[in-house]
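S.K.: My questions are about this predicted structure, shown below with the sequence.
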Amino acid sequence: MSAGEPALSAAVAAGRRRRAGAWRRVVAGLVLIVLAGVALTLMLGQSFTPPGDVLRVLTGQEVPGASFTVGHLRLPRAVLSVLVGMSFGLGGVAFQIMLRNPLASPDIIGVSSGASAAAVFAIVVLQMDGPMVPAVSVAAGLGVALLIYALAWKDGVTGARLILIGIGMAAMIDSFIAYVLSRAPSWDLQEAMRWLTGSVNGARMEQALPVLVSLLVFGGLLLSRARDLEALRMGEEAAAALGVKVGLTRVTVIVAAVCMIAVATASVGPIAFLAFLSGPIASRIVGPNGSILIPAALTGACLVLVGDYIGQFLLPGRYPVGVVTGALGAPYLIYLIIRVNRGGGAL
Amino acid sequence: MTGSAGLSDAIAVGRRRDSLSRLLRLGLLIAAVAGLCVLSVAVGTRPVGWAEILSGVQGHVETIGEAAVALRVPRTLLALLAGAALGLSGAIMQGVTRNPLADPGILGVNSGAALAVVIGMAWFGMDSAAIYVWVAILGAAVTAVFVYAIGSLGRGGATPLKLALAGAATSIALSCFTIAVVLPRNDIAGGVRAWQIGGVGGATYGSIWLVMPFLVVGFAISLLSARRLNSLALGDELAAGLGENVAVARGMAALGAILLCGATTAACGPIGFVGLVVPHLCRLLVGVDHRWLLPVSALGGAGLLLLADVAGRIVARPSELAVGVVTAFIGAPFFIWIVRRQKVWEL
């Protein structure tokens, strides 16, 4: 017995090391995919730019014929794609973990719609521009999240009630967005698509800055709570028994996740199903090997890059990234509902 | 003996009193709908006097006021028909699925009809409203079967949460496809966008005549299935025990509902939440007997849609709010209220 214990703890330690190693390999792999996606975005477009030229543009040299395309068109697009992908991925997975339900992602329960509606209203009706738009969008996102939470409160919040109330809320807000857009004086279809499904077309470097700041601040805040969040996965009672301040963690996570998603939404629109897809995919890849927060953020970035590439080049006609992720996400959502139903578990 | 005779007398008296008070409420409802019809003809951007209303209704179009009234008459007629169709189809869907959250909008049936029409316009060059009706009904039927199949998989059959989720997922997916179909086609985009919000503003006698046959057949099938729905309300086993062919009963009733909401969507675009709200209110008014509930729901739906249309004209003067937006803002809070009130999430 006494001889067995050191061997057991050694085995546990070895297992932990192995899992940590596996997690690091997964993250490294995802980073590589994101980098490859960025490189591809920089090289490919209406014309092909060789890697050498891309590198020279990135290091600040003037390359005739490539400087404008790569530096002004493709680089902002790639940077913005990565940043918003990470914001949506991280914010979405935080909601999913906290409410212990993959369907409780901000784009299904109406939080993204709220942020988008505010941005549309600010731009189309109030004619706002610049940093005020993300601010309004964040305020609206937080307001809607709070409202949904409050309405779902009845001796505590159950996931199912919150999701149903969120669906109702999203239906109302979406009809408001459609209405505001239909009244817009200069009704540019591309611009409208951004607010209906999300698009990185016409990305500018200035747009990336607020997203970067919010990703660093709120993403950092979320990651600092990662351990508590993982504990919440086992249920509130268990987490409280482990010494987690449940209420404080909840508030921090909701605020951080909503802010990240609202800022990203204010610059590229609510990219359909991105927040919903990233978490489950990341958890498939990582398995039981460790936290899925960072992998989910990287998965989000991959999805935007790949979705944008498909929308631009692989389909007949050019589609915004949101149409692609929406078309990919909906079957997955339906599959998820079927799988959970088959398993006999209540959603 | 005398006691039991007295008792049955008392029951008969009570029943008479019940149906008397129901008739009274029915009369009040009819009066309200008639009043709303008058309002709908009288109220609008152009203020009109009674003399102009009277001559406008008779078809005189000499003055601007009379012309405005003459335009409002088909609009009122379409609102009456569409509202009745949506209210009735909502009551049937709630009866068939035995689910308090069923509604053509929430179950995604409207967006299925919309996608089918858009595909018809974009890919097959359909341009006559007569074909839209057929296509819309086909799309509505396919979507209804699909959503019901997904929602009823697994343990517990078609629970409200599963149906609502399946409907929400399907309708997000379908709207993504709709956008993808419309996007490369600027020539049809304007018409599709205007139609997608859902309104009765563009009504003409011609468009009403086109959908009329479908509505008549739909109303007939629906109203005839009242007794079957009453048996179904007892549960499938009991209904079968009463000699009801459960599958046929469901199928016939659903066919009626799909004809109604498909034809309505073809004529006015997707209008949500009428089918959700009206049957609930009508149940408070006349109870759960479908022989009463179905006709009263039709009446109530007509009233609600008229009310929403008139309200949309008053709220946003001198412009107007599309009726689909108004019903979403009335209906979504109602949806949330039902979710909060009922124990639907305890599955």
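M.R.: Arrived safely, thanks for sending.
S.K.: SS state for the residue in the stretch 1-150 of chain A that chain B sits nearest to?
M.R.: With Cβ to the nearest Cβ as the measure, residue A:103 is the residue of the stretch 1-150 of chain A nearest to chain B, at 6.6 Å. From N, CA and C alone the C-beta is placed, and that goes for glycine too. Secondary structure state of residue A:103, per DSSP: H, G, I helix; E, B strand; the rest coil, is coil.
S.K.: Look up phi and psi at it.
M.R.: Summarising the backbone geometry of residue A:103 under the convention degrees, to the nearest 10, its torsions are phi -80, psi -10.
S.K.: What number of residues are in the vicinity of it?
M.R.: Other residues near residue A:103 number 25, with proximity taken as other Cβ atoms under 10 Å in any protein chain shown.
S.K.: does it really touch residue B:165, like I thought?
M.R.: Yes: contact between residue A:103 and residue B:165 holds when scored by Cβ atoms under 8 Å: they sit 6.6 Å apart.
S.K.: give the contact list for residue A:260.
M.R.: The neighbours of residue A:260, taking Cβ atoms under 8 Å, 6 or more residues apart in numbering or on different chains as the test, are A:87, A:88, A:90, A:91, A:214, A:215, A:218, A:219, A:222.
S.K.: tell me the SS of it?
M.R.: Under three-state DSSP, residue A:260 comes out as helix.
S.K.: can you check residue B:184 too?
M.R.: Residue B:184 carries the three-state label coil when classified by three-state DSSP.
S.K.: Which residues are in contact with it?
M.R.: So residue B:184 contacts A:316, A:317, A:318 (Cβ under 8 Å, 6+ apart).
S.K.: Highest neighbour count among those residues?
M.R.: residue A:318 (13 neighbours).
S.K.: in the stretch 201-347 of chain A, which spans are helices?
M.R.: Counting by DSSP state H, counting those that start in this stretch, residue ranges of the helices within the stretch 201-347 of chain A are A:205-224, A:226-232, A:236-241, A:246-268, A:274-286, A:293-309, A:321-342.
S.K.: Tell me which of those sits most buried.
M.R.: Mean neighbour counts were taken over these using mean count of other Cβ atoms under 10 Å in any protein chain shown, and the top value, a mean of 27, falls to helix A:293-309.
S.K.: so it versus helix A:321-342, what angle?
M.R.: With axes from the mean of the first three to the mean of the last three Cα atoms, to 10 degrees as the criterion, the two stretches helix A:293-309 and helix A:321-342 enclose an angle of 130 degrees.
S.K.: tell me what helix A:293-309 is packed against?
M.R.: On a contact count with 3 or more Cβ pairs under 8 Å, 6 or more residues apart in numbering or on different chains; DSSP states H and E, helix A:293-309 meets helix A:4-43, helix A:75-98, helix A:205-224, helix A:274-286, helix A:321-342.
S.K.: Columns mean pLDDT and distance to chain B on top of those helices, output as CSV?
M.R.: Output for the helices and strands packed on helix A:293-309, formatted as CSV (pLDDT from 0 to 100; distance: least, Cβ to the nearest Cβ, whole Å):
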stretch, mean pLDDT, distance to chain B
helix A:4-43, 86, 21
helix A:75-98, 92, 15
helix A:205-224, 90, 22
helix A:274-286, 88, 10
helix A:321-342, 80, 3
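S.K.: Redo these as TSV? Include distance to residue B:333.
M.R.: Conversion of these to TSV gives the following (distance: least, Cβ to Cβ, whole Å):
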stretch	distance to residue B:333
helix A:4-43	42
helix A:75-98	23
helix A:205-224	31
helix A:274-286	25
helix A:321-342	25
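S.K.: could you pull out the helices for chain B?
M.R.: Applying DSSP state H to chain B gives helices spanning B:2-42, B:50-57, B:64-97, B:109-123, B:129-151, B:160-182, B:186-197, B:205-224, B:226-232, B:236-241, B:246-268, B:274-286, B:290-315, B:323-341.
S.K.: wait, which of the ones you listed is closest to residue A:312?
M.R.: Using Cβ to Cβ as the measure, helix B:160-182 is the one of the helices of chain B that comes nearest residue A:312, at 13.7 Å.
S.K.: so for the helix or strand hosting residue A:150, what's the average pLDDT?
M.R.: Following DSSP states H and E, the helix or strand that holds residue A:150 is helix A:132-152. Averaging the model's pLDDT scores along helix A:132-152 yields 88.
S.K.: can the helix or strand following it be found next to chain B?
M.R.: Proceeding N to C from helix A:132-152, the next assigned helix or strand is helix A:159-183, under DSSP H and E. Yes: applying Cβ under 8 Å from any Cβ of the partner chain, one finds helix A:159-183 touching chain B at A:160-161, A:163-165, A:167-172, A:175-176, A:178-179, A:182-183.
S.K.: now the angle between helix A:132-152 and helix A:159-183, please.
M.R.: Orientation of helix A:159-183 against helix A:132-152 (the same axes, to 10 degrees) gives an angle of 140 degrees.
S.K.: just checking, what packs against helix A:159-183?
M.R.: The criterion is 3+ Cβ pairs under 8 Å, 6+ apart, and the helices and strands that helix A:159-183 contacts are helix A:111-120, helix A:132-152, helix A:189-197, helix B:160-182, helix B:186-197, helix B:323-341.
S.K.: Buried deepest among these, which one?
M.R.: For the helices and strands packed on helix A:159-183, the highest mean count by mean count of other Cβ under 10 Å goes to helix A:111-120, at a mean of 30.
S.K.: Which of the helices of chain B comes out lowest on mean pLDDT?
M.R.: Set side by side, these show their lowest mean pLDDT on helix B:186-197, which sits at a mean of 69.
S.K.: Geometric centre of chain B: which residue is closest?
M.R.: A centroid search over chain B (Cα atoms, centre = their mean) returns residue B:86, at 0.8 Å, as the residue closest to the centre.
S.K.: wait, isn't that one in contact with residue B:275?
M.R.: Yes: Residue B:86 is in contact with residue B:275 according to Cβ under 8 Å; the separation is 4.9 Å.
S.K.: what sits in contact with each of these two?
M.R.: Shared between the contact lists of residue B:86 and residue B:275 (criterion: Cβ under 8 Å, 6+ apart) are residues B:104, B:261, B:301.
S.K.: doesn't residue B:88 make contact with the first one?
M.R.: Same thing as residue B:104. No: when contacts are counted by Cβ under 8 Å, residue B:104 is not listed as touching residue B:88 (10.7 Å).
S.K.: Overlap in contacts, those two.
M.R.: Overlap of the contact sets of residue B:104 and residue B:88 (by Cβ under 8 Å, 6+ apart) consists of residue B:257.
S.K.: Name the residue in the two with the higher neighbour count.
M.R.: The residue with the greater number of neighbours, taking residue B:104 and residue B:88 and applying other Cβ under 10 Å, is residue B:104; the counts read 35 against 32.
S.K.: give the contact list for the nearest residue to that one once chain neighbours are set aside.
M.R.: Setting aside the residues directly before and after it, residue B:104 is nearest to residue B:261 in space (Cβ to Cβ, 6 or more residues apart in numbering or on different chains), at 4.0 Å. Residue B:261 sits next to B:85, B:86, B:89, B:104, B:109, B:110, B:113, B:140, B:275 when contact means Cβ under 8 Å, 6+ apart.
S.K.: Check residue B:254 too.
M.R.: B:92, B:93, B:96, B:144.
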